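Trainee: Predicted model follows, preceded by the sequence.
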Amino acid sequence: MKTVNLKTGMLEYQDSESLNKLISFGSRMNLKRGFLFVSKVLGKHLPTKPSIMEKNFKDLANLIKVGNEKTLVIGFAETATALGHGVFEALNLENGEYIHTTRYNFSHSRLIEFMEEHSHAPSHILYKPKSNISEIKNIILVDDEVSTGKTTLNIVKELKKVFPNVQKYSLVSMLNWSNLENDEIEFFSLFSGKFNFQKKNYSIPENLVSESQNSKTLDKIIKTDFGRFGMTQKLAINFEILLHKIDLGKKILVLGTGEFMYPPYLLAKYLEDKGLNSYFQASTRSPINIDGIIKSKISFKDNYFENIDNFVYNIANEKYDKILICYETNKIPTNHNLKIILEKNLFSVTEIFF
């Protein structure tokens, strides 16, 4: 067992070479859970090469064997929206659909709601997918990590109420620390092990806003669905049009925003495939300390008109010729000043609206 000393406590974990390729460590501003396994392959808190993300999608997909039965793949917001979508496309299912949970309100029909108990923003919504629910026989859940397994048990309990003919539930994750065994759920992971966290006394800012304080729908500012209501085909986007007349330079960061990760990842991959030095990561509402592998932090308000605190980590300590901020919202609020902050850090920044 190895130990890492964080601002919030001492983390003891089962070390391995495979684990070191997947994660490093940080600490959360969260009294429920003070530690964070910071992924090196997810493209969330750390800038990541798209080719590394793509390999991770394929590695996870290779853990599962899926037959011809109708299969629904579900990713978890906000961290695993791209992860779930990438695994879905890597599976190349003949009879499949992808959908991800969300923390946003739409007028679309809701299927279930459940809680992620340890999270800074615990509520999840799953909207009704395009497929006929009665035809779905297999559900694959995709998440970055399983710590205790409570979230998995919560969602499966609710899913069983609305998917009457599902015969098999699987959960695929990069990390599984739970050692949970359940007759109804089959667990697959790239790494499984044990950890222990000895918490220190620490406080967190009281003025952080992590959940929406209103119930308004976002139908007017998000016109395109990239996974919340179900995707049955691979995503195809004309990046030549999006990049028209943008001077990119050689080293580029494509920055997704919140749950909007997979289409920007595809843009970063498109640029990398063209021979450019392209990286991807996304903003998050997860409040993290500058601690461990987290070296810098930018704070700002979200672009969804919900006044939620958002963050980008490990950008201010890097150098890029161009940063492309990618939005699924068709406009941004006046208090969303991410572009201004980045430009003050001497970056060349362009906003792209998908």
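Mentor: Arrived safely, thanks for sending.

Trainee: Show me where the stretch 101-250 of the chain has its helices.
Mentor: 150-162, 239-242 (DSSP state H, counting those that start in this stretch).

Trainee: for the record, mean pLDDT for the longest one?
Mentor: The average of the pLDDT scores along helix 150-162 is 89.

Trainee: Would you mark the buried spots in that helix?
Mentor: Neighbour counts over helix 150-162 (16 or more other CB atoms under 10 Å) mark 151, 152, 153, 154, 155, 156, 158, 159 as buried. Bear in mind the C-beta positions are built from the backbone N, C-alpha and C, glycine included.

Trainee: Tell me where the stretch 151-300 of the chain has strands.
Mentor: 168-176, 185-192, 195-199, 251-256, 277-282, 297-301 (DSSP state E, counting those that start in this stretch).

Trainee: ok, residues contacting the fifth one?
Mentor: The set of residues external to strand 277-282 that reach it, using CB atoms under 8 Å, 6 or more residues apart in numbering, is 43-50, 53, 82, 250-258, 260-261, 264-265, 268-269, 271-272, 312, 314-315, 320.

Trainee: And the residue nearest the centre of the chain, how far from residue 283?
Mentor: Central residue of the chain (CA atoms, centre = their mean): residue 79, 1.9 Å from the mean position. Computed as CB to CB, to the nearest Å, the residue 79 to residue 283 distance reads 12 Å.

Trainee: What about residue 134, how many residues nearby?
Mentor: Neighbourhood size, residue 134 [other CB atoms under 10 Å]: 11.

Trainee: Throw the helices of the stretch 101-250 of the chain into JSON lines and include distance to residue 22, thanks.
Mentor: Below are the helices of the stretch 101-250 of the chain laid out as JSON lines (distance: least, CB to CB, whole Å):
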{"stretch": "helix 150-162", "distance to residue 22": "19"}
{"stretch": "helix 239-242", "distance to residue 22": "29"}
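
Trainee: next structured bit after the one helix or strand residue 87 maps to?
Mentor: Using DSSP states H and E, residue 87 maps to helix 81-91. Next along the chain after helix 81-91, taking DSSP H and E as the criterion, comes strand 96-100.

Trainee: Not counting that next one itself, show me its contacts.
Mentor: Contact with strand 96-100 is made by 66, 70-77, 80-81, 84-85, 88-89, 126-127, 129-131, 136, 227-232, 259, as judged by CB under 8 Å, 6+ apart.

Trainee: just stretch 168-186 next, same as before
Mentor: Contact with stretch 168-186 is made by 19, 22-23, 37, 39, 41-42, 56, 60, 63-64, 83, 87, 137-149, 152-153, 156, 159, 187-195, as judged by CB under 8 Å, 6+ apart.

Trainee: Any of the residues you listed buried? List them.
Mentor: For the contacts of stretch 168-186, buried by 16+ other CB under 10 Å: 19, 22-23, 37, 39, 41-42, 56, 60, 64, 83, 87, 137-147, 149, 152-153, 156, 159, 187-193.

Trainee: Tell me which residues touch the spatially closest residue to residue 135 that is not a sequence neighbour, please.
Mentor: Nearest residue to residue 135 in three dimensions, chain neighbours excluded: residue 70, at 4.7 Å (CB to CB, 6 or more residues apart in numbering). Contact analysis of residue 70 by CB under 8 Å, 6+ apart lists 95, 96, 97, 131, 135, 136, 137, 138.

Trainee: Phi first, then psi, for residue 70.
Mentor: phi -60, psi 120 (degrees, to the nearest 10).

Trainee: Can you check the pLDDT for it?
Mentor: At residue 70 the predicted local confidence, pLDDT, stands at 96.

Trainee: Next, work out how far apart it and residue 136 are.
Mentor: Separation of residue 70 from residue 136 (CB to CB): 5 Å.
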